[in-house]
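Trainee: Quick one, structure for this:
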Amino acid sequence: MSEETPESLIPYDEIVQEALREVVGRVLLEVEKTGGLPGGHHFYITFKTRLPGVDIPKHLAERFPDEMTIVIQHRYWDLKVESDFFSVGLSFGGVPSMLTVPFVAVTDFVDPAVDFSLKFQANGAPEGHEEHDEPANEVPLGEPLEDGSNVVSVDFTRKK
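Mentor: Below is the predicted model of the structure:
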């Protein structure tokens, strides 16, 4: 009898990631419907900039060739959420810009107000997170996150 775990024929990792990405979509949809963020909630969203469906201005794609973090807090507009992507207006260096981000490109979703975090492997992206700059739009960073009971980390590295 082998001690090695057999490889699953059911794609559990993909199913779980898809379900957790729906959490991000539902949260953003609620913000869209109500027209604003409740209380002190705000979001840091990190995404892969080169995946299909990502639409960001050329100067941002050049500055963030792999991964970018945005903040949805005070200065955002036209948040629109669809089943597979969201779009939002943000200001970068005083220049207003519209961004479109498919949920499959999202690698991190954080709400520091309540120490909530989801981490993903972007579909079609290489494994692992690249170091990247601070959030690109004009919002100061909040307090650093501490490991809390609300932090969910999903690691879908397959054992071979």
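Trainee: neighbouring contacts of stretch 29-47?
Mentor: Stretch 29-47 has contacts (Cβ atoms under 8 Å, 6 or more residues apart in numbering) with 24, 27-28, 54, 67-74, 79-81, 101, 105-114, 122, 132, 135, 139, 142. (Glycine included, C-beta is placed from N, CA and C.)
Trainee: where exactly do the helices run in this structure?
Mentor: Under the criterion DSSP state H, helices of the chain are mapped to 12-34, 58-63.
Trainee: Out of the ones you listed, which is the most enclosed?
Mentor: Comparing those by mean neighbour count (mean count of other Cβ atoms under 10 Å), helix 12-34 ranks first with a mean of 14.
Trainee: so how far is Ile70 from Thr49?
Mentor: Applying Cβ to Cβ, to the nearest Å, one obtains 11 Å for the distance of Thr49 from Ile70.
Trainee: To clarify, my last question referred to Val27.
Mentor: For Val27, the distance to Ile70 under the criterion Cβ to Cβ works out to 15 Å.
Trainee: Now which of the contacts of stretch 29-47 would you call buried?
Mentor: Members of the contacts of stretch 29-47 that pass the buried threshold by neighbour count (16 or more other Cβ atoms under 10 Å) are listed as 24, 27-28, 54, 67-73, 79, 81, 101, 105-113, 122, 132, 135, 139.
Trainee: Surely Leu99 and Asp55 touch.
Mentor: Yes - here Leu99 lies in contact with Asp55, judged by Cβ atoms under 8 Å, at a distance of 6.9 Å.
Trainee: what residues are shared contacts of these two?
Mentor: Overlap of the contact sets of Leu99 and Asp55 (by Cβ under 8 Å, 6+ apart) consists of Ser87.
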